[in-house]
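Q: this is the structure alone, sequence omitted:
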């Protein structure tokens, strides 16, 4: 879908970045010249809308469950669905993705269930799924640590390619503008560039690191800073799912062909607070929120579907039914999660259980069951 993108730059990390970013669809739902040149698949657009609609419904249900005391914490992805759906749908199933902690839309696209996504926030597990099963790593709550994890994994792919040149797996790592200020991020960017690791750094610049605006974190745009490490960089409107998908697909193609690691800065906005423990009204102005509400990524696709005649009543009705089912499944899954037995700690101590660990586990199990 993507051929060449004009190199773009800007001078300040705020809403003005949108005027310099790659964009396919206007906030009013109009296809722009870049999209018409590349071509747009109506089925793909409908698929993006479905993914984003379901992700927002799941996110809202999880938020409500936290407010009802069913979850200890929740970090909403509302407003960032286009950045996540557009990017993850550009990856192959064999490509490994490393999330931060609010990539719920990307996780749903990878097939993770509500129960798997909620266990960590209900406190029943440190990580709720097998990363290898989905090629999707568990959440990284320590800020920026996933960038180093992804870099190390990608460097391992480079080593494997020396033995088997047919390996063409590419890694994608999600993080935010706040994470980019951590030392780990700079180390990861540098090591990835030096090692020519098959890696795409996908930065969701949602404008806020909790209560610190991106303008107070850096004096230059994040993608410009990344270019200084030797990465190929692109700036994209992160609320435009078609543009995000095209940019990310092009990056995957270049990296898969042996090009240097890439850095994509997606300008988006965190509509909710940093987490359910945060009150964004204490540091954000209502006029700023209104500006971004008018650029809601889900609304933009809905306008495009309606104006192009690609969305029908039956289509919207089926998605609504699917979302209702997902919401019910989310509520049931959350309330049915049980605390794990302590035996799981023994099972996860070593890859291959030793005789000593096995004995300790059996002794503990016998002690616990003696109270039954």
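A: That came through fine. A quick note: this is a predicted structure, and the numbers were derived from the prediction, not measured.
Q: CA atoms for contacts and neighbours, from now on please.
A: OK.
Q: just checking, what packs against the helix or strand bottoming out on mean pLDDT in the chain?
A: Ranked by mean pLDDT, DSSP states H and E, the weakest helix or strand in the chain is helix 343-347, scoring a mean of 80. Helices and strands touching helix 343-347, by 3 or more C-alpha pairs under 8 Å, 6 or more residues apart in numbering; DSSP states H and E, are helix 355-369.
Q: which residues make contact with the helix it packs on from outside it?
A: Residues outside helix 355-369 that contact it (C-alpha atoms under 8 Å, 6 or more residues apart in numbering) are 343, 346.
Q: report the distance from that helix to the chain centre.
A: Centroid separation for helix 355-369 versus its chain: 40 Å, with C-alpha atoms, centre = their mean, to the nearest Å.
Q: number the chain from 31, please
A: With 31 as the first residue, the last one maps to helix 385-399.
Q: for that helix, list every residue counted as buried.
A: residue 391 (16 or more other C-alpha atoms under 10 Å).
Q: and it, average pLDDT?
A: For helix 385-399, the mean per-residue pLDDT is 93.
Q: could you do stretch 99-106 as well?
A: Here the average pLDDT along stretch 99-106 is 97.
Q: residue contacts, residue 86?
A: Residue 86 neighbours (C-alpha under 8 Å, 6+ apart): 107-108, 111, 135.
Q: outside of the least confident helix or strand of the chain itself, list whatever touches it.
A: Identification of contacts with helix 373-377 by C-alpha under 8 Å, 6+ apart yields 383, 387-388, 391, 394-395.
Q: tell me the two of the contacts of residue 86 that are most distant?
A: Using C-alpha to C-alpha, the contacts of residue 86 span at most 9.3 Å, a distance reached by 108 and 135.
Q: let me know the closest of the contacts of residue 86 to residue 73.
A: For these, the nearest to residue 73 is residue 111 (18.2 Å; C-alpha to C-alpha).
Q: neighbours around the nearest residue to that closest one once chain neighbours are set aside, how many?
A: Leaving aside its chain neighbours, residue 111 sits nearest to residue 82 (5.5 Å; criterion: C-alpha to C-alpha, 6 or more residues apart in numbering). Neighbours of residue 82 under the rule other C-alpha atoms under 10 Å: 29.
Q: do you know how far residue 82 is from residue 335?
A: According to C-alpha to C-alpha, to the nearest Å, residue 82 stands 14 Å off from residue 335.
Q: one more: residue 386?
A: 62 Å.
Q: over to residue 150?
A: Per C-alpha to C-alpha, residue 150 is found 36 Å from residue 335.
Q: same question, residue 84
A: 17 Å.
Q: the two: which is more packed in?
A: residue 84 (23 against 19).
Q: phi and psi next, for that one.
A: Main-chain torsions, residue 84, degrees, to the nearest 10: phi -70, psi -40.
Q: spatially nearest residue to it (excluding sequence neighbours)?
A: residue 353 (5.4 Å).
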